[in-house]
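Chemist: Below are the sequence and a predicted model for it; my questions follow.
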Amino acid sequence: MPTMSEPETPPFRYTAALANEIEPRWQAYWAENGTFHAPNPAGELADPDHPRHGAPKLHVQDMFPYPSGAGLHVGHPLGYIGTDSYTRYKRQAGFNVLHPMGFDAFGLPAEQYAVQTGTHPAVTTAANIERYRGQLRRLGLAYDERRSFATTDPEYYRWTQWIFLQVFNSWFDPELRKARPIETLIAAFESGEKKAPEKDWADMSAIERRKLIDDHRLAYVSEAPVNWCPGLGTVLANEEVTPDGRSERGNFPVFQRSLKQWMMRITAYGDRLVEDLDTLDWPEPVKLMQRNWIGRSRGAHVDFTVGDDVITVFTTRPDTLFGATYMVLAPEHELVDKITPVEWPNPTNPKWTGQAASPREAVAAYRAQAAAKTEEERTESKDKTGVFTGAFATNPVNGAKVPVFIADYVLAGYGTGAIMAVPGQDERDWQFAEVFELPIIRTVAAPEGFEGAFTGDGPAVNSDWLDGKGVVEAKAEMIAWLEQHGHGRGATTYRLRDWLFSRQRYWGEPFPIVYDETGLPVALPDSMLPVVLPDVDDFSPRTFDPDDADSEPETPLSRKKDWVNVELDLGDGLKTYTRETNTMPQWAGSCWYELRYLDPDNEKALVDPDNEAYWMGPRRDGDSGGVDLYVGGVEHAVLHLLYARFWHKVLYDLGHVSSFEPFRKLFNQGYIQAYAFQDERGFYVPAEEVVERDGKWFYGDQEVTRSYGKMGKSLKNVVTPDEMCDQYGADTFRVYEMAMGPLDVSRPWETRAVVGSQRFLQRVWRLVIDEETGAVRSSDTPLDAKTRKHLHRTIAGVREDMDELRFNTAIAKLIELTNALTPLPEASREAVEPLVLMLSPFAPHLAEELWAKLGHEGTLAYTTFPVADPAQLVAESITYPVQVNGKVKARVSVTPDTPEADIRAEALSAVADALSGRDPKKVIVVPGRLVSVVV
RNA sequence: GUCCCCGUAGCCCAAUCGGCAGCAGGCAAUGGACUCAAAAUCCAUACAGUGUGGGUUCGAAUCCCACCGGGGACACCA
């Protein structure tokens, strides 16, 4: 115990200097004693002697950071301090707490830095991680450091690769709605239980069989339209492309190209990803964003015939089929060329032709026009454009001939890329019909006088056998009719696309895949993992002129020929194979890290099942299991959380985990933002030197304008936790961040307000320590009754606030208690010790120091959090305000157990003057609150 | 354009179920004590009627409707 043997401890005030002496000392103590190690039920991290062995568990996790070169600013650790305070409290409250931290260290910035400087990304990354660790340690964050890792560690990404192989070696069985090992599919084909689409399994060649199987894998190679970004030299996932068709990172143009890429069949999980949201304790807006992103819609596929061809449309409103007066195909639809005749039918409305001499010319011109537009231009103008193809389709319900158009308001990538247009019930179709003078038939009765497309519910009209039925019923009957007559079938579509999983980058996980002489992929066996990322001389993918759409990707790994070409024995004897030279996207490592914390050193499995079941297993029927509390920003509402859920479900299906969701409860912390100031020329000036005078802001003598937003170097408004630790100490900084508002609310940083938290800690310090002599001044005198009640009220309130993550109000209650104790002649231990314990989640170093000074041995981390005495929570009397017609006219004081009738009587006599003889019409007694009299 | 979240003292924020808007708390301000003076500390004081307008109710910051302002998401998804 370093603190016990230092009589020369400066006996002064709790200052930044003192804090900076205390804090590293306790950080060292915690590290040396492994204070925050959490015991596992099994394996190397098990510890039967641990004070929390066998206690109820709690797994709390933060979204781990990408260790950037810029280090942390004061906004970053907000959530970390929140979870640290929460878990310190829960640990004291008796839980076995797992609170780990790691690093998401693959990614573009380190690679781009490497390209610029030649420094290996591994070197940059390691240095950045060290810096982060130092910054986090300085804040006193209580992590189990044995469980920390980076996604770039080969021992970690070995398991990322292993999970990839699990995904690769699985298929999605639509009957069971789950992933199953690929062998079960092969067996099904072999036994004839499942039929191959084109010819019998028995008649297929080995290569044909492999291709068929590969087409069913959850990870597959696909020649598919992808987002090719020449400026970055890589392809991007849809999610990484901005709505105006540029790369989210770097803002380069992105082009649609057909390229061979790895995909993950996340769409197979669309239903479960939607449905299981209901089991999760997540903020509603995040669930909503996921639902919207997945975009499941139910409806029907309907077949329209055009000559000898069949065009299938997707509609969510099969009930309106009688109102389909035309059809629209996306300009890119594959049947457009085939159905377009040589000449315009006679007659043809001149508005339909785009002034072209023939349908083919019109189609070609319109396509060129559509292709020239960016995605943004296409969606920005809501004016409907399009052109008639010259072809007519047959409406299957009534045999009506309807004209077929192409128009860019129909998207090639959604549904079937073709729609039946029902202007009477769809606003977009209505607008198009107005422009092109197409007939409008209402099939749902609209209210009297209603103009435009009616999308609400109502009885069907003009719809033969559906007439009179409501929308829901009519939909069901139409789907049944379509299926019965072979014109269509019920269908569900998703906005969600399969996940593009390969990147032409260096700094990512290599795929555990090689190609044989057939060019088909072959999985490496587990025994060959990890496939270590080799050193290369040049880290950059070949980049191109950002506008060169026809360039071809060339990966950094592909240039390393001695690595790419390998001789391996994969069961067919020694053969030459070619390695996959793409790497995985940055999301891969963060898709499963919550599991690795549970069992970080396990070499036999990604996580021991006992450990997984203990920390993350379901607790009751229907419970998804998962991390008990996951804290991070809303910016990950869709991508990271969706991908992680997907992988987790695959692992669940294959029996590797017992939980079917990774994160049971999600909490979005707010952001700390800051003001930035610009001078007349628009240059940013250092924010900390700007002063306010009369509602205006000045930098020196110069007036500057204020804006509010992120902290950033270029905005010259960054404040770092290190500066705060220097100026005030980590505890003051922690208390300030937790006190300045609720954790989920964003707020502006204000350095000059930090001093308030410092003063509070100084007052607490002064309750225990004599500032002149350094002696402990707390007494053993019992508290007076009033203060004792205040203490227990505070304990009860703080516990409640802590459980609900309301740290700001918990701290306010502690300040209030401190302010009540300060003027007392003696600082009684009866109050001071609980106060120190309750403060310890927020100001752990100060609390440990005071706890030691008060004569306790070792750390307080496992000392029971104060418990309120219920007897002390009962008020001696309750004062009821008495309202007459909403205005407070009197107050009556009664004991808490006074019956309602007596309260009523007392109240009425108290306001007898105000009533002046009138009879009360109504008297409302709200127990514990007030009495309201109405006359 | 649609959807979601948020508007309470100069500022950051409190206020179970609708029940006395603040001895919840902090910053800043003002006055005082201490000091040669200042800082720090301590004590005290003032400041809003809850963005606006309606409605429901005995009673609305809280529930409903419309509008205004700020933030976020999606954006022709058939």
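Modeler: All right, it came through fine.
Chemist: alpha carbons only for contacts and neighbour counts from here, please
Modeler: Fine.
Chemist: and A:Pro447, how many neighbours?
Modeler: Applying other CA atoms under 10 Å, we find 10 residues neighbouring A:Pro447.
Chemist: Kindly report the same for A:Glu343.
Modeler: Neighbours of A:Glu343 using other CA under 10 Å come to 14.
Chemist: Could you do the one 3 residues further on as well?
Modeler: Neighbouring residues of A:Asn346 were enumerated by other CA under 10 Å; the total is 7.
Chemist: Just the element for it, please.
Modeler: For A:Asn346, there is no enclosing helix or strand under DSSP states H and E.
Chemist: got it, and A:Leu136?
Modeler: For A:Leu136, the host element (DSSP H and E) is helix A:121-138.
Chemist: If we go by neighbour counts, what in that helix is buried?
Modeler: Neighbour counts over helix A:121-138 (16 or more other CA atoms under 10 Å) mark A:121-122, A:124-125, A:128-129, A:131-133, A:135-138 as buried.
Chemist: any idea of the mean pLDDT for that helix?
Modeler: In this model, helix A:121-138 has a mean pLDDT of 94.
Chemist: chain center to it: distance?
Modeler: Relative to the chain's own centre, helix A:121-138 is displaced by 24 Å; criterion: CA atoms, centre = their mean, to the nearest Å.
Chemist: what's the neighbour count on the nearest residue to A:His640 once chain neighbours are set aside?
Modeler: Nearest residue to A:His640 in three dimensions, chain neighbours excluded: A:Trp587, at 6.4 Å (CA to CA, 6 or more residues apart in numbering). A:Trp587 is flanked by 18 other residues according to other CA under 10 Å.
Chemist: ok, now which ones touch whatever residue of chain A ends up closest to RNA strand B?
Modeler: Chain A approaches RNA strand B most closely through A:Thr315 (2.7 Å), counting by CA to the nearest atom of the strand. A:Thr315 makes contact with A:Gly299, A:Ala300, A:His301, A:Val302, A:Ile419, A:Met420, according to CA atoms under 8 Å, 6 or more residues apart in numbering.
Chemist: ditto for A:Tyr708
Modeler: A:Gln673, A:Ala674, A:Tyr675, A:Ala676.
Chemist: The nearest residue to A:His99 once chain neighbours are set aside sits in which helix or strand?
Modeler: Leaving aside its sequence neighbours, A:His99 sits nearest to A:Val60 (CA to CA, 6+ apart; 5.2 Å). In the assignment (DSSP H and E), A:Val60 maps to strand A:57-62.
Chemist: which of the residues in that strand are buried?
Modeler: A:Lys57, A:Leu58, A:His59, A:Val60, A:Gln61, A:Asp62.
Chemist: Can you name every helix or strand that that strand contacts?
Modeler: In terms of contacts (3 or more CA pairs under 8 Å, 6 or more residues apart in numbering; DSSP states H and E), strand A:57-62 is packed against helix A:78-92, strand A:96-98, helix A:609-616, strand A:629-632.
Chemist: any idea how far the second one is from the chain center?
Modeler: Yep, that's strand A:96-98 we're talking about. That offset, for strand A:96-98, works out to 23 Å (CA atoms, centre = their mean).
Chemist: who touches the residue nearest to A:Val718 when sequence neighbours are not counted in this structure?
Modeler: Sequence neighbours aside, A:Met711 is the residue nearest to A:Val718 in space, at 5.2 Å (criterion: CA to CA, 6+ apart). Applying CA under 8 Å, 6+ apart, we find A:Met711 in contact with A:His73, A:Gly75, A:Gln673, A:Ala674, A:Asn717, A:Val718, A:Val719.
Chemist: Residue ranges in chain A under the pLDDT threshold?
Modeler: By pLDDT under 70, the low-scoring segments of chain A are A:1-12, A:243, A:374-382, A:693-695.
Chemist: Which residue ranges make up each domain of it?
Modeler: Listed by automatic domain parsing, the domain ranges of chain A are A:1-33+A:763-873, A:35-150+A:595-668, A:162-268+A:498-587, A:297-493, A:875-934.
Chemist: on that earlier part again, I'd like the next helix or strand past the helix holding A:Leu136.
Modeler: With DSSP H and E, the next secondary element past helix A:121-138 is helix A:154-168.
Chemist: In PDB, list the C-alpha atoms belonging to that next one.
Modeler: Taking Å, rounded to 0.1, in the frame of the first residue of the first chain, the C-alpha atoms of helix A:154-168 are listed here in PDB:
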ATOM      1  CA  PRO A 154      -2.500 -12.500 -36.200                       C
ATOM      2  CA  GLU A 155      -3.800 -14.500 -33.200                       C
ATOM      3  CA  TYR A 156      -7.000 -12.500 -33.500                       C
ATOM      4  CA  TYR A 157      -7.500 -12.400 -37.300                       C
ATOM      5  CA  ARG A 158      -6.700 -16.100 -37.400                       C
ATOM      6  CA  TRP A 159     -10.300 -16.400 -36.000                       C
ATOM      7  CA  THR A 160     -11.700 -13.800 -38.300                       C
ATOM      8  CA  GLN A 161     -10.400 -16.000 -41.100                       C
ATOM      9  CA  TRP A 162     -11.800 -19.000 -39.400                       C
ATOM     10  CA  ILE A 163     -15.300 -17.400 -39.200                       C
ATOM     11  CA  PHE A 164     -15.000 -16.600 -42.900                       C
ATOM     12  CA  LEU A 165     -14.400 -20.300 -43.600                       C
ATOM     13  CA  GLN A 166     -17.400 -21.200 -41.500                       C
ATOM     14  CA  VAL A 167     -19.500 -18.800 -43.600                       C
ATOM     15  CA  PHE A 168     -17.900 -20.100 -46.900                       C
END
